[in-house]
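J.: Fold the following.
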Amino acid sequence: MKTRPDSAAAPRRLIILVAGGLVVAGAVIAGVVFGTDLAGGGKAEQESTSAARRGALVISVSEAGTIQARDQVVIKSEVEGQTTVIFLEEEGKMVEAGALLVELDASGLQDKRVDRDIAVQSAEAAFVSARENLAVVKSQAASDVADAELKFRFAKEDLTQYENGEFPRQRKEAESKITLAQEELKNAAETLRWSEKLFQEKYISQTELDRDRLSENRARLDYELAVSALELLDEFTHKRQLDELKSAILQNEMALERTKCKAAADIVEAEAQLRAREAERDRQVDQLRKLDDQIAKARIVAPSAGMVVYATTGRQGWRGDDEPLHEGGTVREREELIHLPTTNSMMAVVKIRETSLDKVRVGQEVNVTVDALPGREFKGRVAKIAPLPDAQSVWMNPDLKVYPTEIHLEGEISEVRTGMNCRAEIFVERLQNVVYVPIQAVVRVGSQPAVFVAGAEGFLQRDVEIGLDNAQMVHVKRGLEAGEVVLLTPPLQAAASRALQPEAAPAVPTGAPGAPLPAQPDAGATRAPEGAEGAPQGTGSETEGRPRTRRRPPGMGEGGGGERSRRERPSSGEKQAPQGER
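T.: As a prediction, the model looks like this:
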């Protein structure tokens, strides 16, 4: 989605950048001037000091943030890809459930639906054709298998018929012919014998004898043919017929198997084709149903009654230039469009720096002030601390780690609106009857926090044990008594020399001969500590002469999580971070 700079946020960021540049430049110039004076041997006429006090000290963390609804319905774009907003309900309007909030351009989806509907009809026709073809293939396969089974059965029956019926009949016929031929030969031979006797006695003629002899020869030949036919039947015809019939059985059995396999293959192919056509039809139907669903989702209605709040309200992009939601704008899938608060319960969302994260706990009391409601203060409690740093801040400045924290405001507040700027003061601890000094009076020498205490011979270094701080005052547990005067601009050379030489010599009064001159605060040392705003609660006014800018001593606070080294300089991202990210 294309973005354009926020016209309201750009001047504010420019002012912050210019002011920060002026402060840094002034600090650098002051450091150069004071450094020159010291190099020339001069000494400040009056040191900045403050007296240690005893009393109540409120330890708190103050951060800026924005107001958001605690219970709200987040409405997102569910149309795939990027779409254009063609209708947008007015922000701040109270709507009822079912009211149209946003309408996205669905003309392209409508065109796709027409094409998809045609594809669905074609896929449905192909599916019906494949289904009928499967029925035909199954019927043909059953017919072919039945015909092959019938031929196979007939082949087996032919063999049985031949062995048990045809062959015995043929052999019996051949044997009967042999028997008849044998009797006829016997009668012809007997007739010839009597004819020869009669011819010798001249009772018959030669012709009659020849006729009887011919009959006898014919009968002998018939007998021999009958015997040969039986031998041919037994030795050749019977065996050949058996082989042919058995071969027919085998061939028909193999044909039956081939027919069954082919029928099964045809059915499987037809079923696969049917499944493919069915899957294609279902896919086209699903695509059509998805398009219908996308078209329906282009009209976004309110799921419940509430006030319309644009998701871009009170939200800064990664570069602080998110384009406000408007008609004609482009939105992406899963992009938040509308926040629909369902109740008047509100919460403040602030970003806690990692240096203060160890002080903040869920359940701590919080006072919240809203910029748009001066003089009003709202009570609340810490409800949730993000386990990971804010990705937006890390992207803008890798050295800056802030953790989004939700603070639930007590009761229902009708006058507070989503997106309002606010400041939350989280109360960490309320100390009673403790000694405290300004935070810039403490410097870390080596690994030991120390202060420079006024004495007869000047300011002497004294090691102290410190506790928590509130970015203005720090709790001194041991090493300092109320009323003692401490130097607000301790010499940085002492800390630097101790860091380079672990076995440093005992502290020397700042006024003694050969002692280093008190260091004037440089641009980095006199910068206001992070999160420092206003006077400390419960401590009264600061000591007269206290400079307006302060340093946070390293190792400050219990647990060591919220302390920085005196020599550590804040990153450029910390100096220029917008108010809403501090």
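J.: Any regions of the stretch 251-400 of the chain where pLDDT drops low?
T.: 314-322 (pLDDT under 70).
J.: The most centrally placed residue in the chain sits in which helix or strand?
T.: Computing the C-alpha centroid of the chain and ranking residues by C-alpha atoms, centre = their mean puts residue 334 first, at 12.5 Å. Of the helices and strands defined by DSSP states H and E, none includes residue 334.
J.: Three-state assignment for residue 57, please.
T.: The three-state label given to residue 57 by DSSP: H, G, I helix; E, B strand; the rest coil is strand.
J.: give me phi/psi at the nearest residue to it once chain neighbours are set aside?
T.: Leaving aside its sequence neighbours, residue 57 sits nearest to residue 431 (C-beta to C-beta, 6 or more residues apart in numbering; 4.4 Å). Any C-beta I mention is one placed from the backbone N, CA and C, and that applies to glycine too. For residue 431, the backbone dihedrals are phi -90, psi 140 (criterion: degrees, to the nearest 10).
J.: how close does residue 431 sit to residue 366?
T.: Residue 431 sits 18 Å away from residue 366, going by C-beta to C-beta, to the nearest Å.
J.: sorry, back to before: count the residues that sit near the residue nearest to residue 57.
T.: Residue 431 sits with 19 neighbouring residues when counted by other C-beta atoms under 10 Å.
J.: so which strand or helix has the closest residue to residue 166 other than its chain neighbours?
T.: Once flanking residues are discounted, residue 166 sits nearest to residue 241: 7.9 Å by C-beta to C-beta, 6+ apart. Take DSSP H and E as the rule and residue 241 turns out to sit in helix 238-297.
J.: And for residue 202?
T.: Counting by DSSP H and E, no helix or strand carries residue 202.
J.: ok so, going back, quick one: the residue nearest to the residue nearest to the centre of the chain when sequence neighbours are not counted from residue 142, how far?
T.: Nearest in space to residue 334, with sequence neighbours left out and distances taken as C-beta to C-beta, 6+ apart, is residue 76 at 5.5 Å. Between residue 76 and residue 142 the computed distance is 58 Å (C-beta to C-beta).
J.: So the two - more neighbours on which side?
T.: residue 76 (15 against 12).
J.: Next up, phi/psi of that one, please.
T.: Per-residue torsions, residue 76: phi -120, psi 160 (degrees, to the nearest 10).
J.: quick one, domains of the chain?
T.: 48-71+343-581, 111-295 (automatic domain parsing).
J.: need these in JSON lines with distance to residue 96, can you?
T.: Shown next, in JSON lines, are the domains of the chain (distance: least, C-beta to C-beta, whole Å):
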{"stretch": "domain 48-71+343-581", "distance to residue 96": "16"}
{"stretch": "domain 111-295", "distance to residue 96": "24"}
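J.: okay, these, which one's buried deepest?
T.: domain 48-71+343-581 (a mean of 18; mean count of other C-beta atoms under 10 Å).
J.: Residue 416 and residue 346 touch, don't they?
T.: Yes. The criterion here is C-beta atoms under 8 Å, and residue 416 meets it with residue 346 at 5.2 Å.
J.: and residue 474, that's in a helix?
T.: No. Using three-state DSSP, the assignment for residue 474 is strand, not a helix.
J.: Show me what it bridges to in the sheet.
T.: Per DSSP bridges, the residues bridged to residue 474 are residue 437, residue 469.
J.: Check the average confidence over stretch 63-73, would you?
T.: With pLDDT averaged residue by residue, stretch 63-73 scores 88.
J.: check contacts around the closest residue to residue 256 other than its chain neighbours.
T.: Spatially, and ignoring its direct neighbours in sequence, residue 256 is nearest to residue 148 (4.0 Å; C-beta to C-beta, 6+ apart). Neighbouring residues of residue 148 by C-beta atoms under 8 Å, 6 or more residues apart in numbering: 252, 255-256, 258-260.
J.: List phi and psi for residue 148.
T.: Here residue 148 shows phi and psi, under degrees, to the nearest 10, equal to phi -70, psi -40.
J.: One more: residue 447?
T.: Main-chain torsions, residue 447, degrees, to the nearest 10: phi -120, psi 10.
J.: quick one: it from residue 463, how far?
T.: In terms of C-beta to C-beta, residue 447 sits 10 Å off from residue 463.
J.: Check residue 158 too.
T.: The value you get for residue 158 to residue 463, if C-beta to C-beta is used, is 123 Å.
J.: just residue 382 next, same as before
T.: Plainly put, residue 382 is 35 Å away from residue 463 if you go by C-beta to C-beta.
J.: Give the next helix or strand downstream of the helix holding residue 241.
T.: Using DSSP H and E, the next helix or strand after helix 238-297 towards the C-terminus is strand 299-301.
J.: Name the residues of that next one that come out as buried.
T.: For strand 299-301, burial by neighbour count (16 or more other C-beta atoms under 10 Å) applies to residue 300.
J.: what's downstream of it, the next helix or strand?
T.: Under the assignment DSSP H and E, the closest C-terminal helix or strand after strand 299-301 is strand 306-307.
J.: Give the other helices and strands that that next one contacts.
T.: The helices and strands touching strand 306-307, judged by 3 or more C-beta pairs under 8 Å, 6 or more residues apart in numbering; DSSP states H and E, are strand 94-95, strand 336-341.
J.: who does it pair up with?
T.: Partners of strand 306-307 in the sheet, by DSSP bridges, are strand 94-95 (antiparallel).
J.: Just checking the distance from whichever helix or strand comes after the partner strand to the centre of its chain.
T.: Moving toward the C-terminus from strand 94-95, the next helix or strand (DSSP H and E) is strand 100-104. Per C-alpha atoms, centre = their mean, to the nearest Å, the displacement of strand 100-104 from the mean C-alpha position of its chain is 27 Å.
J.: Counting by contacts, list what strand 100-104 packs against.
T.: In terms of contacts (3+ C-beta pairs under 8 Å, 6+ apart), strand 100-104 is packed against strand 82-88, strand 299-301, strand 336-341.
J.: Output stretch 50-67 in CSV with nothing but the alpha carbons.
T.: C-alpha atoms of stretch 50-67 as CSV (Å, rounded to 0.1, in the frame of the first residue of the first chain):
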residue,chain,number,x,y,z
SER,A,50,23.4,19.8,46.7
ALA,A,51,22.8,18.6,50.2
ALA,A,52,21.8,15.0,50.8
ARG,A,53,18.2,14.8,52.1
ARG,A,54,16.3,12.3,54.2
GLY,A,55,12.6,11.7,53.6
ALA,A,56,10.1,10.0,51.4
LEU,A,57,11.2,9.0,47.9
VAL,A,58,8.9,7.7,45.2
ILE,A,59,10.5,5.4,42.7
SER,A,60,8.6,5.5,39.4
VAL,A,61,9.0,5.0,35.7
SER,A,62,7.4,7.6,33.4
GLU,A,63,6.8,6.9,29.7
ALA,A,64,4.6,8.4,27.0
GLY,A,65,2.1,6.3,25.0
THR,A,66,-1.4,6.2,23.5
ILE,A,67,-4.9,5.4,24.6
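J.: Next secondary structure after the one helix or strand residue 122 maps to?
T.: Take DSSP H and E as the rule and residue 122 turns out to sit in helix 107-161. Proceeding N to C from helix 107-161, the next assigned helix or strand is helix 167-200, under DSSP H and E.
J.: average model confidence for that next one?
T.: Helix 167-200 shows a mean pLDDT of 87.
J.: ok, then the element right after that helix?
T.: Sequence-wise, the next helix or strand downstream of helix 167-200 (DSSP H and E) is helix 206-232.
J.: how many degrees apart are that next one and helix 238-297 in direction?
T.: Helix 206-232 runs at 40 degrees relative to helix 238-297, counting by axes from the mean of the first three to the mean of the last three C-alpha atoms, to 10 degrees.
J.: Pull the distance from helix 206-232 to the chain's centre.
T.: The chain centre lies 109 Å from the centre of helix 206-232; the measure is C-alpha atoms, centre = their mean.
J.: Please shift the residue numbers so they start at 19 in all later answers.
T.: With the count now opening at 19, the last piece we talked about shows up as helix 224-250.
J.: Show me what it is packed against.
T.: helix 185-218.
J.: Tell me where the stretch 19-168 of the chain is predicted with low confidence.
T.: Low-confidence segments of the stretch 19-168 of the chain (pLDDT under 70): 19-64.
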